[in-house]
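Peer 1: need a structure here:
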Amino acid sequence: MKSYTEYIWFNTSKQREFINISHQVELALQKSKIQEGMALISAMHITAAVYVNDAESGLIEDIESWLETLAPKKSDYKHHRTGEVNGDAHLKSLLMHHEVIVPVTDGRLDLGPWQQIYYAEFDGQRRKRIIIKIIGG
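Peer 2: Next comes the predicted model:
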């Protein structure tokens, strides 16, 4: 069994941003030369998420609205007592989760016809990263 690790850094231009990273994960998989196994893609920050879904702009707007309904940006989060003002970003990250595992088959990400891998940033405009860990043979 082999493993391959790659880090991808982001510095988003907006506070909240959704970035399709499918191509970057495919490139990492090609570099790994792994044909069968699993690819773990994980946000290494507690105010970001990685998820798999459709690359459709209306859906991304729906996700943003859904998250804002469940974890609205407001000033009275208890977390803000620490001096931080990103309580909603932490909750949004929990709702979306911080990582995904994608099967690797015949040297390719084995995604469904409309599935794409996204990095979601909820407290951006500063340097953040993800880890891609590919394991297999």
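Peer 1: drop to CA atoms for contacts and neighbour counts, all remaining ones
Peer 2: Noted.
Peer 1: residue ranges with poor pLDDT in this structure?
Peer 2: Within the chain, not a single segment meets pLDDT under 70.
Peer 1: can you show me the helices along it?
Peer 2: For the chain, the helices defined by DSSP state H occupy 22-32, 57-70, 87-96.
Peer 1: deepest in the core, which of the ones you listed is it.
Peer 2: helix 87-96 (a mean of 20; mean count of other Cα atoms under 10 Å).
Peer 1: who touches it?
Peer 2: Contacts to helix 87-96, defined as Cα atoms under 8 Å, 6 or more residues apart in numbering, come from residues 46-51, 67, 71-74, 77-80, 122-123.
Peer 1: and the helices of the chain as CSV, adding distance to residue 13?
Peer 2: Shown next, in CSV, are the helices of the chain (distance: least, Cα to Cα, whole Å):
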stretch, distance to residue 13
helix 22-32, 19
helix 57-70, 17
helix 87-96, 16
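Peer 1: of those helices, which is nearest residue 41?
Peer 2: Nearest of these to residue 41, taken as Cα to Cα: helix 22-32 at 8.0 Å.
Peer 1: residues in contact with the closest one: which ones?
Peer 2: Residues outside helix 22-32 that contact it (Cα under 8 Å, 6+ apart): 3-4, 6, 39, 107-109, 116-118, 132, 134.
Peer 1: report the beta-bridge partners for residue 11.
Peer 2: residue 127 (DSSP bridges).
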